[in-house]
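Enquirer: fold the following, please.
(chains A and B)
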Amino acid sequence: MAYSSRRDSVQPDKGSAAPALSAHGVAQRFGRHLVLRDATFDVLWGTATGLLGANGAGKTTLLRILAGSLSPTRGSISVGGACLDGNPDALRMSTALLAGESYLYDALTATENLRFAVRMTGGDASDSQIAEALDNVGLAYARDRRVRHFSSGMRKRLALARVVAMEPPVLLLDEPYASLDEDATCLVDQVVDRWRAGGRAVVMATHRRERAERVCDHCLYLVDGVALPEYPQSERDGPSRMMEVAP
Amino acid sequence: MSFTRQTLAILEKDLLIEARSRETVTSMVFFAGLVLLILGFALGPDPEAIRRAAPGLLWIAVVFTAVLGLSRAYDAERENRGMEGLFQYPGTRTAIFAGKLIVLLLLLLFVEGVLFVMGGVLYNLGLAAVAFPLAGVAFLATVGLAGIGTLYGALTLNLRAREVLLPLLVFPLVVPVVLGAVSATRLLLFGDPFGELGAWVRLLAAYDIVFTVAPLLAFESVIAD
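Expert: Numbering: from 1, shown residues only, chains lettered A, B, ... in the order given. Reported below is the predicted structural model:
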């Protein structure tokens, strides 16, 4: 499905030397808690990157920073080689986040929720495109049903359809397998494959290490606020927690 | 991203949600009617006393009712953390303000229309004769109320004591609107021998400019992160 959205965003370029997304020295502090200390990594076009770590390791925080909805305390994010310091809007233009919360409106139907999301990203979607998007996540039968009456799994499917419909060059998925049955779990994998095959990029935070290592091209492990390329031995003995810092 | 397009999308979405539930409009209309009745009872059986006080009574009812609407303006964004979702669309933060402002403005104007008709009947006011200029005054006053309400509604969105804090923050700021609207309504109803009406209308217009343009410009930074 091709929407006329994201016209002004960075375009995927698999042949480019510039990575799709780069984080350099990203740190985030909430009060006394230093959640991220130094997250430095590249995400290449046409790849999927898994983001693993214990509860409270900072996966969601990092994704929110990458989505442009949270400004990092320190460090910088680049998209397509362009540093976006002080320009979160450019970051929001290039990414879409499937978060823990669905961001759906209970009083609207599935179709209306998708149409709203597409319009907000500057696109247009015909009835048939919306119907196809819902069909892709197995919700064609519930297209005119209000979200209020959806189960948590249906909400998750619709939230997935929402971010897919926004057609972002970089797709950010936060615990995409939560609340999903086996069929829907495969849907997530298909979306990741589609994004990768289209030369775009995916960053996926999950607790399901084996699945992430199977679905993604490579994984990053958040330990003590640092993004590591290898699964650390220390994590097998006991996961790290948020760091307390002096006020 | 087009500011106008996003503003219209938010406007359409909120009106659709309200049209489905009618919760806000219904509660505001009933509340306004009750306030008018209670104020009428409080002033006793003297019809002339009620008529003289009517401009003040009408606008007290409008402001109380408006606060009820303000506190509900962001209800749709509280469920499923919709506001966070809105923040993730590119270029939308000022469009959020503009969309919410127009929705609130339309709701308040509708409720004021009903409230003025009820007030006209209950207090025996000849509002029909001054309907058009009164509508102009009401529009100017409502833009100011909606502007300040939209801004503070967003600021208090995630506060636990939101319903208590919102009136405490909004009431002091809308005093110029109440003053201007009550005075202009009084002059329209009972005559304007000294030509004061223009000054009150200018006050309302100036307030509107300050409390719609300034929040529009500052909204992005005010609600950042």
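Enquirer: now the chain, which segments are flagged as low pLDDT?
Expert: Using chain A here. Along chain A, the parts satisfying pLDDT under 70 run over A:1-17, A:231-247.
Enquirer: meant chain B, my bad for not saying
Expert: For chain B, the stretches flagged by pLDDT under 70 are B:1, B:92, B:224-225.
Enquirer: go again using 80 as the cut-off
Expert: B:1, B:91-92, B:158, B:220-225 (pLDDT under 80).
Enquirer: which parts of chain A are strands?
Expert: For chain A, applying DSSP state E gives strands covering A:21-30, A:33-43, A:48-53, A:74-79, A:82-83, A:95-98, A:170-174, A:201-205, A:218-223, A:226-228, A:243-244.
Enquirer: could I get those as a markdown table with mean neighbour count and distance to B:Met83?
Expert: Bear in mind the C-beta positions are built from the backbone N, C-alpha and C, glycine included. Putting the strands of chain A into a markdown table (neighbours: other C-beta atoms under 10 Å in any protein chain shown; distance: least, C-beta to C-beta, whole Å) gives the following:
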| stretch | mean neighbour count | distance to B:Met83 |
| --- | --- | --- |
| strand A:21-30 | 19 | 19 |
| strand A:33-43 | 19 | 22 |
| strand A:48-53 | 25 | 25 |
| strand A:74-79 | 19 | 22 |
| strand A:82-83 | 13 | 28 |
| strand A:95-98 | 27 | 14 |
| strand A:170-174 | 25 | 17 |
| strand A:201-205 | 27 | 22 |
| strand A:218-223 | 21 | 27 |
| strand A:226-228 | 19 | 29 |
| strand A:243-244 | 12 | 29 |
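Enquirer: got the phi and psi for the residue in chain A that chain B sits nearest to?
Expert: Nearest residue of chain A to chain B (C-beta to the nearest C-beta) works out as A:Tyr103 at 2.8 Å. Here is the backbone geometry of A:Tyr103 (degrees, to the nearest 10): phi 60, psi 20.
Enquirer: ok, and the closest non-adjacent residue to the residue in chain B that chain A sits nearest to?
Expert: Ranked by C-beta to the nearest C-beta, the top residue of chain B for proximity to chain A is B:Gly85, at 2.8 Å. Nearest residue to B:Gly85, sequence neighbours excluded (C-beta to C-beta, 6 or more residues apart in numbering or on different chains): A:Tyr103, at 2.8 Å.
Enquirer: now do the contacts for that neighbour.
Expert: The contact partners of A:Tyr103, by C-beta atoms under 8 Å, 6 or more residues apart in numbering or on different chains, come to A:159, A:162, B:80-82, B:84-85, B:88.
Enquirer: circling back: the residue of chain B closest to chain A sits in which helix or strand?
Expert: Here B:Gly85, judged by DSSP states H and E, is contained in helix B:82-87.
Enquirer: name the residue closest to the centre of chain A, please.
Expert: A:Leu172 (1.2 Å; C-alpha atoms, centre = their mean).
Enquirer: now that one. Nearest residue, chain neighbours left out?
Expert: A:Leu172 sits nearest to A:Leu97 (C-beta to C-beta, 6+ apart), 4.4 Å away.
Enquirer: is it true that A:Ala117 touches A:Val164?
Expert: No - counting by C-beta atoms under 8 Å, A:Ala117 does not reach A:Val164; the two are 9.9 Å apart.
Enquirer: for the lengthiest helix in chain B, packing partners?
Expert: Secondary structure of chain B per DSSP state H: the longest helix is helix B:93-122. Counting contacts by 3 or more C-beta pairs under 8 Å, 6 or more residues apart in numbering or on different chains; DSSP states H and E, helix B:93-122 is packed against helix B:3-21, helix B:23-42, helix B:47-72, helix B:82-87, helix B:131-155, helix B:197-222.
Enquirer: still on that earlier bit, closest to B:Leu16 out of the contacts of A:Tyr103?
Expert: Nearest to B:Leu16 out of the contacts of A:Tyr103 is B:Gly82 (C-beta to C-beta; 13.8 Å).
Enquirer: ok, that closest one touching A:Tyr105?
Expert: Yes - using C-beta under 8 Å, B:Gly82 is in contact with A:Tyr105, at 6.3 Å.
Enquirer: interface residues of chain B facing chain A?
Expert: Taking C-beta under 8 Å from any C-beta of the partner chain as the criterion, chain B approaches chain A at residues B:1-2, B:5-6, B:9-10, B:13, B:16-17, B:20-21, B:76, B:79-82, B:84-92, B:224-225.
Enquirer: got the contact list for A:Lys59?
Expert: A:51-53, A:174, A:205, A:222.
Enquirer: next one: A:Ala23
Expert: By C-beta under 8 Å, 6+ apart, the contact list for A:Ala23 reads A:39-41, A:62, A:65-66, A:75-77, A:227.
Enquirer: turn the residues you listed into TSV, including distance to B:Val121.
Expert: Output for these, formatted as TSV (distance: C-beta to C-beta, whole Å):
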residue	distance to B:Val121
A:Ala39	66
A:Thr40	70
A:Phe41	69
A:Leu62	61
A:Ile65	58
A:Leu66	59
A:Gly75	64
A:Ser76	64
A:Ile77	61
A:Ala227	69
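Enquirer: that older thread, could you dump the helices and strands packed on helix B:93-122 to TSV with mean neighbour count?
Expert: Below are the helices and strands packed on helix B:93-122 laid out as TSV (neighbours: other C-beta atoms under 10 Å in any protein chain shown):
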stretch	mean neighbour count
helix B:3-21	18
helix B:23-42	17
helix B:47-72	21
helix B:82-87	21
helix B:131-155	22
helix B:197-222	16
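Enquirer: output the ones you listed as TSV; include the columns distance to A:Ala178.
Expert: Below are these laid out as TSV (distance: least, C-beta to C-beta, whole Å):
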stretch	distance to A:Ala178
helix B:3-21	26
helix B:23-42	31
helix B:47-72	31
helix B:82-87	17
helix B:131-155	29
helix B:197-222	32
